[in-house]
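> coords below, sequence missing:
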């Protein structure tokens, strides 16, 4: 197990370094400069500003300086928000995205699992069809359609919940719901397929013939095996949801990290682009790392097999 | 681990019910009909203010807030004219319109009880010019003699001709006479800063609500970045008797649809809306239009042989049905252009430029356009008009405008262009490096004077993207820049614009406006055509 973890950790570092380098190169090839009002600045003025920011240095020098800074935990100051450090911006805005993402995931995984398990157990009966119908609807309606519809119907027309903004627990419901549909759909379908596979496996037939009750079969044997694929994708799903809150955050005016993604690229905010990329890739890498380890725990075969290698 | 399905279902249902019930408890207040305004005004900003440091602020959303928590020597009134704010009276102007002497009002204080002095203005302006401050709007302060040298690193701060003669008197000398300078002193880059306070916080100055000193109608009591700002009436403000609002709650929301929904559910009192929502609201009393000093035009690159001929450019311009374009593409109170300087721009002689110059653009005329095109092609020695590239921003308005104009040229002239929608930064770069054939361009004024819309067409200007060259036009602009007499200067500018109408270096397509919804019980919000969007000093909620 120890060597397994160590090797994974080394891969993490290498992947991280590659991501940082590729993003840095791509970013500096973007046309335009990071100054907000560049259309109003004359060429001389922009050259002056570039000098002040050290952007006129050769690219290798800028890269080296940047790596040194990251090693010390300094992600620099945002170009678009000159009084705020990138680490501060992330620290301030991430909690909203994380909260929204987590609420959405908890909700959607629970609902998704329930739908998927029900569909599998009541295979080819009406429960199955309705559960899968809900799943298809969920995956087909994009959040930028669902969001405004919910906002208008529930927030304005019926006035039950706040139409937008992030004030108080009631404002969490509509955005979390909008975000959940996709994950409910994915989870439900995966769980159903996975359970059906397992239910038809030989060892389940053995258990049944041994005389175990249906609930014992489902809970002790089926679930644990069927849930493996879900665990695999849960990691990336989590990160996806947290980062994919972009559209929902825009629609519901939520002060999260999602919108910085697009905004930073549009405004060529170098430090913010790099900072966000580093943050999200770290998040993803760590989550994958934890997923690997969790996998090792759930399925001892994997742990032992890897360990032996 | 034996968790039964029923248990899971039970938990989730309970959780869902619980959140729904708490939701129903809260909700938003509806405006009550009975009287007095201790109710907060609920506004929104389209984005987080990028900085509340008056030296480096460069976005309308930052100016909006700065205008409420700080103040300049002058403030713009209802008709856009400057009225004394921290200054006691209008400035004494001498030396052919170049030297200003301004006396400060008595009893003006910072929020830490120290007095606002003339030295605070001198310090702030020099700080803005300092290259180390990296201020985008330093170019405005550089209108002061010695300012440009300091800003470009060729001179020192001492050579900048702005001085606090004593605590209450400020004087400065401009490089050239500027008729709109007094009004321009209402722009946040000309506000005061207290040196000791700025130096105390260094890099973090104005980064949070507790790191700002206030001398305007309101104080900023809370700033949750990216989420909300709270303004409270400033009890130390010299004119607090005229400030009716006690509190302003500002939320940050950018989506147009969301703003309309928030407005409709009474969560906010003011919303800016766009094309899709206008029809629904335009008959209601909530609807207001705020024309902007903002123009959209088609740039025609004269290094392309087909675009070098003035008749061809004229043809392209008059083949576009501008009023129809404005109605279909923008549909938000924007107006069909009648010249190269938008409605509402003052001419530096107390008159509106547009009213003085009249309508100078030739009318939409497809038949005449065809004739001009044929004549122009013959003059240029071309047999047909080549297929050129028409570039613009990939915003919704940008794309629609490109397609509309492409359609007009095809229909009215038989001319084909390929449309190219690109990100904003790339479009700017292409424009400034002249890598385009036809470009859809936007320009908003930073100051209320025709010069900001005209001197970009000077042959030497770094903003002359079309590479237009007319010695007569250049001469008129240079004469206007040096002219102290307001009437003469205005006349030069009118003549200069006439040349543009003849030679058509660019084809104007829109004078922009913003559409707003304002709750009928909210009164006296001032909306501006440039700079900051609104001013709440005298606003009230009934």
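Great, that's in hand. These numbers come from a predicted model, not from an experiment. Residues are numbered from 1 along each chain as shown, chains lettered A, B, ... in the order given.

> in chain B, what helix or strand scores lowest on average pLDDT?
Lowest on mean pLDDT, DSSP states H and E among the helices and strands of chain B sits helix B:5-25, with a mean of 47.

> in the stretch 51-200 of chain B, what residue spans correspond to strands?
In the stretch 51-200 of chain B, the strands defined using DSSP state E, counting those that start in this stretch lie at B:74-76, B:82-84, B:92-94, B:99-103, B:162-166, B:169-173.

> most packed of these?
Ranked by mean neighbour count under mean count of other Cβ atoms under 10 Å in any protein chain shown, the strands of the stretch 51-200 of chain B are led by strand B:74-76, which reaches a mean of 23. Where C-beta positions appear, they are placed from N, C-alpha and C, glycine not excepted.

> and it, how far out from the chain middle?
Relative to its parent chain, strand B:74-76 has a centroid offset of 16 Å by Cα atoms, centre = their mean, to the nearest Å.

> distance of whichever residue of the stretch 101-250 of chain A sits closest to chain B relative to residue B:390?
Using Cβ to the nearest Cβ, the closest approach of the stretch 101-250 of chain A to chain B is made by residue A:170 at 3.2 Å. Computed as Cβ to Cβ, to the nearest Å, the residue A:170 to residue B:390 distance reads 48 Å.

> then residue B:284?
Counting by Cβ to Cβ - residue B:284 and residue B:390 are separated by 37 Å.

> what about residue B:372, which SS state?
Here residue B:372 is recorded as helix under DSSP: H, G, I helix; E, B strand; the rest coil.

> ok, residue B:109 touching residue B:215?
Yes. With contact defined as Cβ atoms under 8 Å, residue B:109 counts as touching residue B:215 (7.0 Å).

> quickly list what's touching both of the two.
residue B:116 (Cβ atoms under 8 Å, 6 or more residues apart in numbering or on different chains).

> so, low pLDDT: which residues of the chain?
Going with chain A. A:1, A:242-244, A:296, A:298, A:300, A:302-309 (pLDDT under 70).

> looking at chain B here, not the other one
B:1-37.

> what is the neighbour count of residue A:61?
Counted by other Cβ atoms under 10 Å in any protein chain shown, the residues lying close to residue A:61 total 10.

> got it, and residue B:368?
15.

> measure it to chain A for me?
33 Å (Cβ to the nearest Cβ, to the nearest Å).

> helices of the stretch 1-150 of chain A, residue ranges please.
With DSSP state H, counting those that start in this stretch as the criterion, the stretch 1-150 of chain A has helices at A:2-28, A:43-52, A:59-71, A:86-121, A:126-140, A:143-150.

> which bits of the stretch 201-309 of chain A sit near chain B?
Among all residues of the stretch 201-309 of chain A, those adjacent to chain B (criterion: Cβ under 8 Å from any Cβ of the partner chain) are A:215, A:219-220, A:250-253, A:255-256, A:259, A:266-268.

> tell me which of those residues fall in helices.
A:215, A:250-251, A:259, A:266 (DSSP state H).

> highest neighbour count among these?
residue A:251 (26 neighbours).

> need the contact list for that one.
Residues in contact with residue A:251 (Cβ under 8 Å, 6+ apart) are A:143-144, A:147-148, A:151, A:164, A:175, A:178, B:255, B:257-258.

> now the buried members of those.
A:143-144, A:147-148, A:151, A:164, A:175, A:178, B:255, B:257-258 (16 or more other Cβ atoms under 10 Å in any protein chain shown).

> format those residues as TSV; extra columns: distance to residue B:534.
As requested, the buried ones among the contacts of residue A:251 are exported to TSV (distance: Cβ to Cβ, whole Å):
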residue	distance to residue B:534
A:143	32
A:144	29
A:147	28
A:148	26
A:151	25
A:164	21
A:175	28
A:178	31
B:255	19
B:257	21
B:258	19
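
> between these, which is nearest residue B:454?
residue B:255 (36.1 Å; Cβ to Cβ).

> and the stretch 201-350 of chain B, which residues reach chain A?
So the stretch 201-350 of chain B meets chain A at B:203-207, B:224-227, B:251-255, B:257-258, B:261-262, B:264-265, B:267 (Cβ under 8 Å from any Cβ).

> outside of stretch B:479-492, which residues touch it?
B:96-98, B:176-177, B:179, B:347-351, B:353, B:356, B:451, B:455, B:476-477, B:493, B:496.

> repeat that for stretch B:133-143.
Outside stretch B:133-143, the residues that reach it (Cβ under 8 Å, 6+ apart) are A:35-37, A:40-42, A:45, A:49, A:52-53, A:82, B:55-58, B:125, B:127-129, B:147-148, B:150-151, B:174-176, B:178, B:181, B:184, B:187, B:189-190, B:446-447.

> if any of those are buried, put those into a PyMOL selection.
Buried residues among the contacts of stretch B:133-143 (16+ other Cβ under 10 Å), as a PyMOL selection:
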select buried, (chain A and resi 35+36+40+41+45+49+53+82) or (chain B and resi 55+56+57+58+125+127+128+129+147+148+150+151+174+178+181+184+187+189+190+446+447)
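
> the more surrounded of residue B:284 and residue B:390?
In this view residue B:284 and residue B:390 are compared by other Cβ under 10 Å, and residue B:390 has more residues nearby, 22 against 9.

> host element of that one?
strand B:388-393 (DSSP states H and E).

> what packs against the helix or strand following that strand?
Per DSSP H and E, strand B:388-393 leads on to helix B:396-413 as the next helix or strand towards the C-terminus. With contacts defined as 3 or more Cβ pairs under 8 Å, 6 or more residues apart in numbering or on different chains; DSSP states H and E, helix B:396-413 has these neighbours: helix B:310-318, helix B:322-325, helix B:366-380, strand B:388-393, strand B:417-422, strand B:438-444, strand B:506-518.

> against which helices or strands is the longest one packed?
Meaning helix B:366-380. So helix B:366-380, by 3+ Cβ pairs under 8 Å, 6+ apart, packs with helix B:310-318, helix B:396-413.

> what's the angle from it to helix B:396-413?
80 degrees (axes from the mean of the first three to the mean of the last three Cα atoms, to 10 degrees).

> for helix B:366-380, which residues meet the burial criterion?
Result for helix B:366-380 [16+ other Cβ under 10 Å]: buried residues B:366, B:369, B:372-373, B:376-377.

> just the second one next, same as before
Under the neighbour-count criterion of 16+ other Cβ under 10 Å, helix B:322-325 has B:322, B:325 buried.

> which other residues reach it?
With Cβ under 8 Å, 6+ apart as the contact definition, helix B:322-325 has outside contacts at B:336-337, B:361, B:364, B:401, B:404-405, B:408, B:508-510.

> number of residues surrounding residue A:84?
21.

> quick check: it vs residue B:265, distance?
On the measure of Cβ to Cβ, residue A:84 and residue B:265 end up 32 Å apart.

> again, but for residue B:303
53 Å.

> looking at those two, which is more packed in?
Looking at residue B:303 and residue B:265 with other Cβ under 10 Å, you find the greater number of neighbours at residue B:265, namely 21 against 11.

> I'd say the more buried one and residue A:160 touch.
No. The criterion here is Cβ under 8 Å, and residue B:265 misses it with residue A:160 at 10.5 Å.
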